[in-house]
Structure formats: structure tokens, C-alpha cells
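Q: Starting from these lines, generate the structure:
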Amino acid sequence: MSSAMSLKSRILLILDYFLIIMHSLIIVLIIGQGRMVFPPLLEVFGRMHPLLLHFPIVLLILTAFLFWFPDSIPYPAFRKNFLLFSLFFTGLTVIAGFLLSSESGYSYENIKFHQWTAVAVFWLGSIWYWAEKKDNFLTLKLLPTLTLLLIIVTGHLGASITHGDDFLLEPLKTAAKNPQVALEEADTYTHIIKPIMEQKCISCHKASKQKGDLRLDEAKFILAGGKSGLSIDPTDPKESLIFKRIHLPLEDEEHMPPKGKIQLDEEEKQLLSAWILESAHFDKKVTAFDAEDKFFSLAKNWVESRQKVNYDFEAADPKKIKSLNDEYRLVEPIAPQSPALAVRFFGKKEFNPARLVELKKIDEQIVSLNLSHMDLNDEDIKVIGGFKNLENLNLNFTGISGQALEPLTKLRKLKNLSLSGNPIQSEGLDIIQKIPAIKTVYLWNTQIEEKEIENFIAKNSQIKIETGHRNEGEAIALNSPFIEFDNVIFEESEKITLRHPIGSVRIRYTLDGTEPDSLSMEYKEPIILKESTEIRAKAFASGWLESPSAKKLVFMAGIKPVKYNLVYEPNEQYKGKGVETLFDLVKGDEDFGSGKWLGFQQNPFEAILKFDANQTVNNISLSLLTDEGSHIFPPYRIEIFKRNSSGQWENIFQEKPEQPLENYGKQMILKNISLKNENVISSLKIKLSPVSALPNWHPSKGSQAWVFIDEILIN
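A: As a prediction, the model looks like this:
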């Protein structure tokens with residue numbers, strides 16, 4: 001033991017000395033920057049900078065958390081040693097950065113802010129380490145916070161050097177930098193070539209990092225070329241550096257982009273190649289190229305594939321949309337802030353033609369309509385033919401014939417049409433080809449012969465026909481039913497209503513916390529509850545898979561003791577309002593840090609309740625929370641005691657709840673305890689003991705578990 005401790009002490013002492021040595025070495029590197037030459041071995045170490053930098057970032061973040069929450073680790077020496085270990089890697093990373101910056105391609109003007117913030121992280125961290133023995137606000141809060149903020153700034157500046165200026169915020173600015181543009185307005189370089197280079201080339205060839213003395217961030221620098229030659233050779237385009245290197249094998253060290261970087265996809269490679277071979281114009285409009293030119297064809301596809309759909313119609317009146325939404329019809333925007341609407345019908349028995357006609361109030365805004373499995377007739381298709389902006393139409397299993405499709409030829413924007421499971425014959429194909437913008441048609445399980453479809457495809461190559469087995473014909477799971485009530489905690493009774501968007505389903509439910517099945521009670525009318533209950537419900541329907549279970553907890557308030565106290569205080573982080581939390585009739589949610597829960601780990605939950613007189617107690621309900629990933633488990637043991645006539649505590653209930661075998665996520669649990677024989681009580685003691693060691697399947701096996709409780713209800 002003593003030799004092990006001695007070895008540990010020696011290692012820590014060596015790291016202490018290394019810390020001082022690294023500070024001295026960094027000062028030397030600062031003074032000699034730009035005037036020092038390093039041997040190849042140190043250059044190799046310098047190139048390890050991108051590898052090393054991840055260690056101090058992670059280690060210093062962890063160290064900051066250890067200091068912010070000192071009670072999480074009961075050994076102060078561990079915090080200090082962990083900080084020393086983190087600073088060792090920080091110093092190595094800073095030194096490697098200095099060595100890397102001495103290589104060609106890095107300009108001091110462009111890396112100086114990253115360099116000095118990195119040095120500041122090391123210096124500030126060292127001050128934090130040397131001041132650590134003063135266990136005060138400075139070392140526990142301020143220095144860790146400042147160090148973490150510096151790490152963020154340093155990382156952002158480093159990412160800008162490696163990946164491009166303002167790399168962190170780039171996604172937020174993409175739309176502004178690369179606005180959508182029509183083909184007629186697109187510039188060859190600005191809208192086609194430059195975005196490719198910004199994503200795949202500029203991280204290595206820009207002002208702050210000029211690999212091979214080459215910059216590709218502006219047109220004038222592209223034309224100037226670099227140390228290895230001309231990027232664009234106007235006299236012999238195939239000898240252009242960019243053209244040659246993007247076509248080298250990936251394993252070739254001169255391949256661009258280099259192995260390990262994001263590579264050009266085939267479309268981007270073809271665009272760059274065609275642009276270079278056709279004289280690499282920087283100011284030419286795309287439409288100025290001949291229509292037969294390869295670059296024009298590629299650029300046209302590039303622009304059109306990136307154009308978002310912009311609708312030129314106004315949004316519908318929200319009141320109209322709301323009036324059309326009900327349990328059997330869903331009307332909603334296809335995307336936030338979009339005026340375009342998608343409509344879907346549910347419940348075959350509830351559908352009638354009048355419900356389709358009602359959509360004429362919003363006919364201009366409907367771009368997607370799903371009528372799958374509804375019974376339709378020819379008149380219904382005529383109504384659909386009036387939705388002039390319709391793009392996607394699902395008519396699977398609606399019973400329509402091919403001849404009924406004629407009104408759809410008026411829909412000039414219809415692109416996708418689903419007709420699977422209908423008695424459509426070959427004449428339907430003749431009508432489909434008349435739909436102006438049609439691109440994809442689904443024809444699984446129709447009466448059209450395979451040969452007829454093949455002939456159709458041969459004549460209409462622009463239309464994609466899908467005839468394979470599709471999900472529209474498979475049984476899918478129903479959505480869970482809704483469980484509705486007014487009060488989570490009620491005093492005398494509570495009405496529970498169950499409903500489902502598809503009115504034809506059967507809803508089955510249980511009131512004892514068990515999973516419903518096809519033999520459970522069927523919901524026919526509102527349920528009246530007069531005790532704390534865990535209600536679960538599932539939906540069932542022919543041709544569908546049963547729904548997932550819906551679950552709700554409702555609680556009857558019952559008797560409130562006149563005095564109550566906790567034997568052990570809850571953990572400081574999860575103390576809520578103390579013992580008052582248990583009887584405030586405010587139900588906690590799944591956020592165990594909300595202040596509505598009491599958390600216990602080192603000590604058991606133990607509450608003593610006193611009544612003003614002997615009470616007849618039949619049931620005790622405990623509202624608990626479990627979240628295995630956060631170490632919150634059911635109690636290892638539940639014990640209830642009553643005070644007997646001699647004043648001693650007498651055990652009247654004891655149980656070891658079943659423990660989880662895997663991570664089930666956050667669950668609120670109602671533990672109902674019935675007291676049948678021992679029910680005349682003046683005082684109660686309730687004890688919940690946490691699991692002392694997490695099971696072997698848990699990532700933190702052996703650690704102490706938590707118990708969380710928010711309400712005790714006595715009836």
C-alpha cells in the first residue's frame with residue numbers, strides 16, 4: 001500500500017514539475033516564434049495538435065463540473081489531481097500548436113487570436129490549480145467558469161482556422177449567404193462553383209491557412225495559383241491543378257480534398273471539371289452557355305434541385321382550418337409558417353362525400369390529400385379535381401376505377417399519385433399520362449397487367465411507376481387513445497373520458513396498472529373513479545395492429561395528517577418544499593429537478609404522519625418516479641408501520657418491489673397499498689429504502705440508486 005501511495009506521489013510531483021517546465025517552454029516559443037527551426041521529430045509532434053486538443057477540452061470541462069459541484073466527489077485531493085492531469089494535456093496541446101504553426105501555410109495574423117486564447121486557457125488553468133487550496137468562490141466557481149468560456153472561444157477560433165471563418169455559426173447563415181436563385185439569374189461562379197469550394201476546398205486554402213501557398217476563397221487568388229502551379233490553366237485546361245488533383249485516386253497524397261476531409265461527390269466533381277474545361281468563367285451567367293454544353297446541363301440540374309417550393313397563394317383563415325379539424329379529419333400546414341396544407345381522413349365508416357366538399361373552403365391551399373381506405377365514387381374525384389394546387393394524392397384502397405380518374409387531368413401540379421389496391425385496368429394508364437406534371441404513380445395490386453405497365457414505361461420514361469409491395473397495404477399500428485380528465489388529484493370522484501381520432505376503433509382499458517389486451521374492459525361511456533388509479537388504454541381495430549398503451553395516473557386526495565415530518569432530510573439538490581411537498585396536492589411531472597419531487601440516496605425516505613384521532617385507513621397511495629438512466633429506481637423495500645397501544649412502531653406492511661431488468665426511461669408510478677386488517681391508526685411511519693447497488697446490466701453497476709417521491713395520499 002505504502003509503495004503504491006509513494007508511486008502516486010512521485011507521479012504527481014513529476015506532473016507538477018512538468019507544469020513549470022511547460023510554462024517555461026511556451027514562453028521560449030512565444031519569444032522565438034517565426035525565428036526557430038524544428039527537427040522533423042518535433043514537426044511530427046506538432047502535427048499531433050488536432051489529435052491532442054480533444055483531451056484538454058473534455059478533461060477541463062469535467063474538472064469544471066467537479067469544482068462546481070464539490071459534493072459530487074467527497075475527496076478534494078481528487079479534484080486537484082484531476083485538474084493537474086488536465087493541465088498536463090493542455091500544455092502539450094499548446095506546445096504542439098506552436099510547433100504546427102511554424103509550418104508553411106499558416107500566417108501569424110490569422111492564427112494569433114486562437115494562439116493567445118489557447119495560451120490564456122493554460123495560464124488561467126494553472127492559476128486555478130495553484131489557488132485550489134483556497135476552497136472559495138474564486139476556485140470553485142469563477143476560475144472554472146472563466147476557463148470554460150475561454151475553451152469555447154479558443155475552440156471556435158481553431159475551428160475557423162481548420163474549417164473556415166465563422167464555422168460554428170455557418171449553418172445559421174447559410175440561407176443568407178446562398179439565397180435561392182432562379183436559373184435565369186444564376187452566376188456560374190457565385191452560385192455554382194463558389195458554394196462547392198466553400199464546402200470542400202477553402203478549409204485548406206484560405207487567408208488563415210494557405211496549404212501549398214494556394215488560396216481558393218476569391219476569384220483573383222484562384223487565378224493566381226500556388227506553389228505547385230496554376231489552379232486554372234487557360235491555355236491547357238486539363239493541366240489545371242484543380243482538374244488534375246480532384247481526379248487522382250483517394251489514396252494519392254496529392255488528391256484534393258485530401259483523405260480524411262469531406263470529399264467531392266460525383267455531381268460536384270463533374271461540375272468543377274466541366275467549368276474548368278469550358279474556360280472557367282467567373283462572371284458568365286449559366287444561361288449564357290449553349291444548351292448543349294455539359295456545364296449548362298449540370299448547372300441547370302444543380303440549381304433546380306436546390307430550389308425550395310415557394311407557394312404564391314395566401315394562407316387560409318386559421319378559423320376555417322380549425323373548423324375543419326375533428327376526430328376523423330386532420331388539416332395542418334406541411335411545414336411551420338407554410339401556407340400549404342395537408343389533409344388526411346380517418347375512419348372509413350365516418351366518411352361521407354359531404355366531408356370532402358367541405359374542403360372547398362381551403363381548396364387553394366391543399367397540396368397533399370390522403371384518402372386511403374375511404375369509400376370514394378366518381379363524384380368525389382370530380383371534387384378533388386377542383387383542388388388546383390394539389391401535388392400529392394393518396395387514393396389507395398378507395399375502390400375507384402381507371403375511368404374515374406379523368407378529372408385529375410385538370411390538376412396541373414399533381415406530381416405523386418397513389419392508386420394501389422384499386423380495380424384499375426389499362427385504360428387508367430391512358431388517363432394518367434395526361435396529368436401534366438405527374439412524376440410518380442403507385443400501382444401495386446391493381447388489375448393492370450405487368451406487360452401493359454412495361455409498355456407504358458417505355459413510352460413515358462419521365463413517369464416512375466411503382467408496382468412492388470408497398471407499406472400502404474400493410475397493417476400498421478393505431479395511435480394510442482387519449483385519456484382525458486380535469487384533475488390529476490381529486491377529492492371525491494373524477495370522470496375519465498377515453499377517445500381516439502378513428503371513431504370506429506374499440507378502446508379497451510384497465511384500472512390496476514396492468515397492460516390492456518383484447519379481452520380487457522371495453523370503453524363505452526365515461527369512467528367514474530373514486531380512488532387513486534393507474535389507468536391504461538389501448539385501441540383495437542380490424543386490419544390494424546393494436547396501439548401502444550396510453551397511461552395516466554389520477555389520485556384521490558383523502559385524509560391529510562395534522563402533523564408530519566421527515567426523519568432524514570432529502571438530498572440538497574432535490575428537496576422541493578421539504579415535507580410539505582408530500583401533501584401539497586401538486587403532482588410532479590417527469591422532470592425530477594422541477595422542485596416538485598423529493599430525492600433520497602444516502603438515506604432512506606422515512607416519514608412520520610400523525611392524525612388528530614384514530615383513523616380508518618384502507619389504502620395508501622405513493623406517487624413515485626423511476627428513470628433508470630438517471631439512477632432512479634423503485635425502492636428496494638417499502639415498509640409501513642403503525643404506532644400500537646404501547647407506543648411502539650409495529651410493522652403492518654412490507655414489500656420488495658420488482659426491479660427493472662433494463663432501462664425503461666422516465667415513468668411515473670402509482671404504488672397502491674391496501675391495508676385490510678390493520679386499519680385503525682393514529683400514527684403512521686412510511687419507509688422507502690433505496691437500492692444499495694445498481695444491477696450488473698446498468699452502466700454504473702454497484703453505485704447507489706435514488707428514490708423519488710412527490711405525494712402521499714391516504715384513504
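Q: Show me this protein divided up by domain.
A: Domain ranges of the chain: 18-163, 173-301, 318-473, 482-555, 558-714, per automatic domain parsing.
Q: Would you mind giving those domains as CSV with mean pLDDT and mean neighbour count added?
A: No exception for glycine: its C-beta is placed from N, CA and C like everyone else's. Shown next, in CSV, are the domains of the chain (pLDDT from 0 to 100; neighbours: other Cβ atoms under 10 Å):
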stretch, mean pLDDT, mean neighbour count
domain 18-163, 78, 16
domain 173-301, 79, 16
domain 318-473, 86, 17
domain 482-555, 84, 16
domain 558-714, 86, 17
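Q: Now distance to Asp312 too, for those domains, in a markdown table please.
A: Shown next, in a markdown table, are those (distance: least, Cβ to Cβ, whole Å):
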| stretch | distance to Asp312 |
| --- | --- |
| domain 18-163 | 38 |
| domain 173-301 | 14 |
| domain 318-473 | 9 |
| domain 482-555 | 32 |
| domain 558-714 | 44 |
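Q: among these, which is nearest Asn310?
A: With Cβ to Cβ, the closest approach to Asn310 among those belongs to domain 173-301: 7.9 Å.
Q: chain center to that closest one, what's the gap?
A: Distance, stretch centre to chain centre, for domain 173-301: 34 Å (Cα atoms, centre = their mean, to the nearest Å).
Q: who wins for proximity to Leu7 among the domains of the chain?
A: When these are compared by Cβ to Cβ, domain 18-163 sits nearest Leu7, at 13.6 Å.
Q: so how far is the first residue of stretch 431-446 from its last?
A: End-to-end distance for stretch 431-446, by Cα to Cα, to the nearest Å: 15 Å.
Q: Glu590 contacts Met668, correct?
A: Yes - using Cβ atoms under 8 Å, Glu590 makes contact with Met668 at a distance of 6.8 Å.
Q: tell me, what's touching these two both at once?
A: Common contacts of Glu590 and Met668 (Cβ atoms under 8 Å, 6 or more residues apart in numbering): Leu625.
Q: and Leu230, backbone torsions?
A: Dihedral angles of Leu230 (phi, psi; degrees, to the nearest 10) stand at phi -80, psi 130.
Q: Was I right to think it contacts Ser240?
A: Yes - using Cβ under 8 Å, Leu230 is in contact with Ser240, at 6.5 Å.
Q: Give the other helices and strands that the lengthiest helix in the chain contacts.
A: When the chain is parsed with DSSP state H, its longest helix is helix 2-31. Judged by 3 or more Cβ pairs under 8 Å, 6 or more residues apart in numbering; DSSP states H and E, helix 2-31 is in contact with helix 76-101, helix 108-130.
Q: and with 6 Å instead?
A: helix 76-101 (3 or more Cβ pairs under 6 Å, 6 or more residues apart in numbering; DSSP states H and E).
Q: and the helix it packs on with helix 2-31, angle?
A: 30 degrees (axes from the mean of the first three to the mean of the last three Cα atoms, to 10 degrees).
Q: that older thread, so the longest helix of the chain versus helix 108-130, what angle?
A: Interaxial angle of helix 2-31 relative to helix 108-130 (the same axes, to 10 degrees): 150 degrees.
Q: Tell me the first helix or strand C-terminal of helix 2-31.
A: Next helix or strand after helix 2-31 toward the C-terminus (DSSP states H and E): helix 40-46.
Q: now the strands for the stretch 501-650 of the chain?
A: Applying DSSP state E, counting those that start in this stretch to the stretch 501-650 of the chain gives strands spanning 506-510, 521-522, 527-529, 533-540, 550-556, 563-566, 598-600, 605-616, 619-626, 637-643, 649-655.
Q: now swap in the stretch 351-500 of the chain and tell me
A: For the stretch 351-500 of the chain, the strands defined by DSSP E, counting those that start in this stretch cover 366-370, 392-394, 416-418, 440-442, 464-466, 482-484, 489-490, 494-499.
Q: now what about the shortest one, what contacts it?
A: With Cβ atoms under 6 Å, 6 or more residues apart in numbering as the contact definition, strand 489-490 has outside contacts at 555, 557, 585.
Q: Could you do the fourth one as well?
A: Outside of strand 440-442, the residues within contact range by Cβ under 6 Å, 6+ apart are 416-418, 420, 432, 464-466.
Q: If we use 10 Å, what do you get?
A: For strand 440-442, the external contacting residues (Cβ atoms under 10 Å, 6 or more residues apart in numbering) are 392, 394-396, 415-421, 428-429, 432-433, 435, 453, 456, 460, 463-468, 470, 472.
Q: Equivalent analysis for the fifth one, please.
A: Outside of strand 464-466, the residues within contact range by Cβ under 10 Å, 6+ apart are 416, 418, 420, 429, 432, 438-444, 448, 453-454, 456-457.
Q: Sort out for me which of the residues you listed are in helices.
A: Of the contacts of strand 464-466, the ones assigned to helices by DSSP H are 429, 432, 453-454, 456-457.
Q: and those residues, which two are the farthest apart?
A: Spatial extent of these (Cβ to Cβ) is set by the pair Ile432 and Glu454 at 14.8 Å.
Q: who touches the closest residue to His281 other than its chain neighbours in this structure?
A: Once flanking residues are discounted, His281 sits nearest to Thr188: 5.2 Å by Cβ to Cβ, 6 or more residues apart in numbering. By Cβ under 10 Å, 6+ apart, Thr188 lies in contact with 194, 271, 275, 278, 280-289, 295-296, 299.
Q: how close does His255 sit to Pro699?
A: Distance from His255 to Pro699, counting by Cβ to Cβ, to the nearest Å: 41 Å.
Q: do the same with His500
A: According to Cβ to Cβ, His500 and Pro699 sit 38 Å apart.
Q: Same check on Glu132?
A: Counting by Cβ to Cβ - Glu132 and Pro699 are separated by 30 Å.
Q: Equivalent analysis for Ile61, please.
A: 20 Å.
Q: Same check on Asp591?
A: Remark: distance between Asp591 and Pro699 (Cβ to Cβ) = 22 Å.
Q: Next: Phe38.
A: Distance of Phe38 to Pro699, computed by Cβ to Cβ: 44 Å.
Q: and what of Glu454?
A: Taken as Cβ to Cβ, the span from Glu454 to Pro699 is 56 Å.
Q: In CSV: the ones in helices among the contacts of strand 464-466, plus distance to Pro657.
A: Shown next, in CSV, are the ones in helices among the contacts of strand 464-466 (distance: Cβ to Cβ, whole Å):
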residue, distance to Pro657
Leu429, 64
Ile432, 61
Ile453, 60
Glu454, 64
Phe456, 64
Ile457, 62
